[in-house]
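Chemist: after the sequence you'll find the predicted model.
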Amino acid sequence: MSPLLVVDRLAVDYRANGRTVRALDGADLEVAAGETVGIVGESGSGKSTLGAAIGRLLPRTARVDGGVIRVAGESLFELAPADLRRVRRERLGFVFQDPIASLDPTMRVGRQLTLVLGRGTGSGDVAAHLDRVKLDARTARSYPHELSGGMAQRVAIAMAMAGEPELLVADEPTAALDSQVREEVLDVVFSLAATTGTGIIWLSHDLAAVARRCSRVAVMYGGRVVEQGPAAEVLGRPAHPYTAALAGSAPATAARGTRLEPVPGRPPMLTGPSDGCSFAPRCAFVIDRCAHERPPAVRVGDQDVLCHRAGEPATIGQGATT
Amino acid sequence: MRRPLDLLSKGGLGCLLALVAFALGSTVDLAGDPDAIVGPRLAPPGPEWWMGTDNLGRSMLPRVMEGVGTTLLLSCTAVLLTAAVSAAFGILAGYRGGYLNEVVLRLVEVLYSFPAIVLAVLVAAVLGPGQFAALASIVLVTIPLMTRLVRAAAVGVSQRDYVTAAVISGARLPRILGRHVLPNVAGTIAVQGTYALSVGISVEGGLSFLGFGVQPPQASLGVLIRQGGSYMIAAPWLIIGPGTVLVVAILAINVFGDGLRDRLEPRETRSLT
Amino acid sequence: MRLALWWSGRALSSAATLLGVSILIFAAVRMMPGGFAETILGPFATPEQKAELAARYGLDQPVFMQYWHWLTAVAGGDLGTSMISREPVSLELLARLPVTAELTILSVAAAILLGVPLGVLTAVRARPDGGAAVGRLLSGLGVSVPEFVLGSLAVFLFSRYALGLSVGGYVPVTVDPAANLRSMVLPAAVLSIFAISATARTTRDAVLGVLVEPYVTAAVARGESPWFIITRHILRNAAAPVVTLTATITAYLLGGALVVEYVFNLPGIGSYVVQAVGRRDYAVVQAGVLLAAAVFIVMNVLVDLMVGTLDPRLGVTAKGRRA
């Protein structure tokens, strides 16, 4: 059976003011039906672009420079507008970072849910859908600005899950929330998705948090997925030096609000296709070919890794202590 | 960081400069004396008089050149006055806030309540028709919007760190306003200045057209269109010539202003599909 | 409750503005050549009339008392007497009101019915590159052609080539509605060009601002159609600046009506005021100006009322009116 989502060698550029920034530089990803996948990366790694691309939601300044996305076998970039809308409606759901801004400020929550349910794809009434995300039926009478961030995100989740999509893409859904509320919101997402059989792509910068809830993890760097595999393996036995650094930096102990910087140096700002490995300048295990030879995907254990030195046992242990 | 102006805005600027050169031509009587009678009355445009002749047989070309000059000079002077007044009160009100801010906003609100041409007519009624009335009208009409926007920009700038730093380091008020606030609201003043210029040209034209602005024998675009109105059916070139020049001037300034604004505040768009 | 508080604040602020306007006009009238008594009574007033006026307005009293008397008179509908017709100005204005009102209402209707769809369409279709320049030039042209130029051209074209619409020759709607409309179409068209373009530009800006909001992206992500997103989400969220503009536009149109009525020789308040300035009939000028400003202020209050119902956040975040 073919996977629900296939992202193959996807390259995306942003063009603004005559400058080009490469956000995705040949990203690969596969997600099977019902699977929960965490995509981890620093800001600028391209994970948000990948998330938006999965719904063909890229801003107008973005240009797809090659690659394919297939949702249930349909090639997203070749679809006519009406078919694209059908795929978004029937197969995909999205939850965004800023929950309150994701809701129409001029409309009561209940009315917005009714608009989503009105097409007949969902079942049950507004109260039932609010109950699914553990919200009181009275919430329907509120305007978005009257809700807390956590409540607003639950409403957004209820709207995204109303059509029981096959895949839910959540782009840092808890980034704007207080830490106590985060786990509750995640509980709602994951338990609801489990009952409807919906697969999840959770974009986050917190490797440990993602590994706790997702069955698989994909690590992004410089516009590529540099390592993907079972969550426990990626966290416990990272095969890419960058993943090793991420896993070793124990983000769970980092204070909220501090910038995650597991490795010295800054993430790259690509302006075009990169020849080598874009992590090379920050990598402790860099060798000559890293700079000018694009690393191919290598199978190490259960993981797919983009690294010339993957599989050399010495690199991994030391990487984790960097 | 700065984007270059797009082609359309450059075209607008080019057009404007061409008009200024055109107007300067009249100071040396490049196309002849605007008051000299050179041919038959109401002659259509021809090789000797490119824009035709008026009811007295004067060639329209030098008259339009003089008219553009009068209109531009009057509008530019007025806008400079507006910019000075608006910058002073807008910055002070935005930076100081409080009582002064309230008073300035209230005054601006009062002036803003009059439709432009209505305010101009009132000014003309008080001052008597003439150039001075046109000048004062343009200033009063353009002050509210510019003051308001300069004030809003100054409020934003006043909260920036470099202004706080200057205050802490003991800089005096004139220095803070002149060195730190003014340069950062200059963009707003420039953009609003271009728009004010187009409003000014339009107000001068309208007021002179009604007979309350610039008075003949001096020519301005509004005066020429007013005079042409009486012979419109027989000699439409009397209004088409100056009318076209007037529209081109306003359009060029507006397009240039849009370009300036877009450069200061670039914006994203999103597709609905 | 908070909304009510916000409301009373707005009402108070409008009253203060109106007061400021009245002071300005009072001052202007006193500065007009000929002075106050002549402005109100005209130059042919008898000494008895002047004495009566002096007593009524208290011309021997301090300025602020004079202002107070003037204000109470104006508030009571006494706008003075026309020097030319010797009739109360309020009656003169009332007789000419239908022409100006019809012209303005037709133009505002055209601005909303044509400008809003045009603005939405150009915003939704907007691309960072390509054809945008043409649209910018066209909408720029619309706001760049003054009424007196367009009006003069229209008068020339339609009277020279008999294009079917009558030029001048106003027919009251009570006499012949069809003929009335024929006589008003051209002036209204000339007057509305600016309003349509300005509405389209403001709508476009507002819609462009809403398009990048996350809730629009969320609606796109849910697979909603462009039409659905525009009608359910964008129009209402983009409405506030457009509704606010309508007040400004109405005021602008009252000014434009002055020019258009003059060009097309329509017997409205505008052309009456223009004549009055020429004849130094200052009581009429004063009343006309006061009326225009009052309409603008009242329009603004109405607009705030509408904006308040459009955006439930108002009164909570004190997100003000025109920035």
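Modeler: All right, it came through fine. Numbers count the residues shown, from 1 in each chain, chains lettered A, B, ... in the order given.

Chemist: residues from chain A in reach of chain B?
Modeler: A:17-18, A:59-61, A:81, A:84-85 (CB under 8 Å from any CB of the partner chain). For every residue, glycine as well, the C-beta is placed using N, CA and C.

Chemist: go with 10 Å
Modeler: Taking CB under 10 Å from any CB of the partner chain, the part of chain A that reaches chain B is made up of A:16-18, A:56-61, A:80-82, A:84-85.

Chemist: restrict these to contacts with chain C.
Modeler: Near chain C, by the rule CB under 10 Å from any CB, you find A:16, A:56-57, A:59-61, A:81-82, A:84-85 out of these.

Chemist: so which of those belong to helices?
Modeler: Among these, the ones falling in helices (DSSP state H) are A:81-82, A:84-85.

Chemist: residues contacting residue B:219?
Modeler: B:26, B:34-35, B:54, B:58, B:60, B:62-71, B:208, B:227, B:242 (CB atoms under 10 Å, 6 or more residues apart in numbering or on different chains).

Chemist: for ChimeraX, write the select line for the buried members of those.
Modeler: In ChimeraX syntax, the buried subset of the contacts of residue B:219 is picked out as below (16 or more other CB atoms under 10 Å in any protein chain shown):
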select /B:26,34,54,58,60,62,63,64,65,66,67,68,69,70,71,208,227,242
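
Chemist: out of the contacts of residue B:219, list just those in helices.
Modeler: Those of the contacts of residue B:219 lying in helices (DSSP H): B:26, B:60, B:62-71, B:208, B:227, B:242.

Chemist: pull the most distant pair out of these.
Modeler: B:62 and B:208 (18.2 Å; CB to CB).

Chemist: re earlier: which among the ones next to chain C among the residues of chain A next to chain B gets closest to residue B:257?
Modeler: residue A:16 (22.6 Å).

Chemist: give me the pLDDT for the nearest residue to the closest one once chain neighbours are set aside.
Modeler: When the adjacent residues along the chain are set aside, residue A:16 lies closest to residue A:61, with 5.2 Å between them (CB to CB, 6 or more residues apart in numbering or on different chains). Note on residue A:61: pLDDT of 84.

Chemist: what do you get for residue A:287?
Modeler: 85.

Chemist: tell me which residues touch it, please.
Modeler: Contacts of residue A:287 (CB under 10 Å, 6+ apart): A:280, A:293, A:308-309.

Chemist: return the distance of it relative to residue B:9.
Modeler: 52 Å (CB to CB, to the nearest Å).

Chemist: the longest helix belonging to chain A close to chain C?
Modeler: Scanning chain A for the longest helix, with DSSP H as the assignment, gives helix A:179-196. No - between helix A:179-196 and chain C, judged by CB under 10 Å from any CB, nothing touches; the nearest distance is 15.6 Å.

Chemist: where are the low-confidence patches of the chain?
Modeler: As the question left the chain open, I've gone with chain A. Residues of chain A that meet the criterion pLDDT under 70 lie in A:1, A:17, A:119-124, A:249-266, A:313-322.

Chemist: other chain: chain C
Modeler: For chain C (pLDDT under 70), the answer is C:1-3, C:34-43, C:54-60, C:126-133, C:162-166, C:168, C:314-323.

Chemist: ok, back up a step: kindly reformat the ones in helices among the ones next to chain C among the residues of chain A next to chain B as a markdown table and extend each row with distance to residue B:15 and neighbour count.
Modeler: Output for these, formatted as a markdown table (distance: CB to CB, whole Å; neighbours: other CB atoms under 10 Å in any protein chain shown):
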| residue | distance to residue B:15 | neighbour count |
| --- | --- | --- |
| A:81 | 40 | 13 |
| A:82 | 45 | 10 |
| A:84 | 43 | 20 |
| A:85 | 45 | 19 |
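
Chemist: whichever of the contacts of residue A:287 end up buried, select them in PyMOL.
Modeler: Restricted to buried positions by 16+ other CB under 10 Å, the PyMOL selection for those reads:
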select buried, chain A and resi 280+308+309
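
Chemist: helices or strands up against the longest helix of chain A?
Modeler: Applying 3 or more CB pairs under 10 Å, 6 or more residues apart in numbering or on different chains; DSSP states H and E, one finds that helix A:179-196 contacts strand A:36-40, strand A:92-95, helix A:126-132, helix A:149-161, strand A:167-171, strand A:199-204, helix A:207-213.

Chemist: so which bits of it are buried?
Modeler: Under 16+ other CB under 10 Å, the buried positions of helix A:179-196 are A:181-182, A:185-186, A:188-190, A:192-193, A:196.

Chemist: what segments of chain C are helices?
Modeler: Going by DSSP H, chain C shows helices at C:2-31, C:35-41, C:47-57, C:63-75, C:89-110, C:116-124, C:132-142, C:147-160, C:177-211, C:214-221, C:226-229, C:235-264, C:269-279, C:282-310.

Chemist: now swap in chain B and tell me
Modeler: Taking DSSP H as the criterion, chain B carries its helices at B:7-27, B:60-96, B:98-112, B:116-127, B:131-158, B:161-168, B:173-175, B:182-210, B:221-229, B:237-264.
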